[in-house]
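[1] Provide a 3D model corresponding to the input given below.
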Amino acid sequence: MQTQTVKMVITGPFNSGKTAFVRSISEIDVVSTERSISSEAEKVKETTTVAMDFGRITVDDDLVLYLFGTPGQRRFDFMWEILSEGMLGFVVLVDSSRSETFREAKSILETFRAYAPTPYVVAANKQDLPDAWTIDDLRIALRLEESVKMLPCIANDKESVKNILLELLYSILEEMDEEV
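    Below is the predicted model of the structure:
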């Protein structure tokens, strides 16, 4: 039997944890396009992704996941549509501790929903921080329907990331079964 590959996109605002998410679970060294940040306004971290992060996970002999992390800054959003081509699902990562990014996260979610009507989950990242919003409060702030899967996440914790990806994978497989 031929190995099935599933393309998943990991997206979200600047500094929401996309690179850490892909790095924490990839079985290969992540192919990353990080560059130093020159703007003082963005000095919350030293580097930013300018094109993509790429990782891979072999689930079993029949299934391999390809993870594509998008850049979070709007000036690199031309990559979003390119990376969304052929995706079977996506994760929107939200920094639960930075409410000023919630509106942008909602906008990114709507953008990716417009690219392709694929399954998606919202991951409330940085749940280990003391000022992180709860899942219920985030759902209200993002105006998400109850049917949208919203899950707690810690992007640098492999088990946490695995749970997010499994939820998305189950949704993708469910949709594939419905199409058959």
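[2] how far away is the closest residue to Asp157 other than its chain neighbours from Ile57?
    Nearest residue to Asp157, sequence neighbours excluded (CB to CB, 6 or more residues apart in numbering): Ser24, at 6.6 Å. The way it works is simple: take the backbone N, C-alpha and C, and place the C-beta from them, glycine included. From Ser24 across to Ile57, the span is 11 Å (CB to CB, to the nearest Å).
[3] Hmm, Val59 is touching Ile25, no?
    No: counting by CB atoms under 8 Å, Val59 does not reach Ile25; the two are 11.2 Å apart.
[4] Between those two, tell me which one has more neighbours.
    The neighbour comparison of Val59 against Ile25 (other CB atoms under 10 Å) goes to Ile25, with 22 against 14.
[5] Not counting its neighbours along the chain, what's nearest that one?
    With CB to CB, 6+ apart as the criterion, Ile25 has its nearest non-adjacent residue at 4.5 Å, and that residue is Val161.
[6] buried residues in the helix or strand containing the one you found?
    Assigned by DSSP states H and E, Val161 belongs to helix 158-179. Within helix 158-179, the residues that count as buried by 16 or more other CB atoms under 10 Å are 160-161, 163-165, 167-169, 171-173.
[7] same for that helix, what does it pack against?
    Contacts defined by 3 or more CB pairs under 8 Å, 6 or more residues apart in numbering; DSSP states H and E place helix 158-179 against strand 4-11, helix 18-25, strand 63-69, strand 89-95, strand 120-125, strand 150-152.
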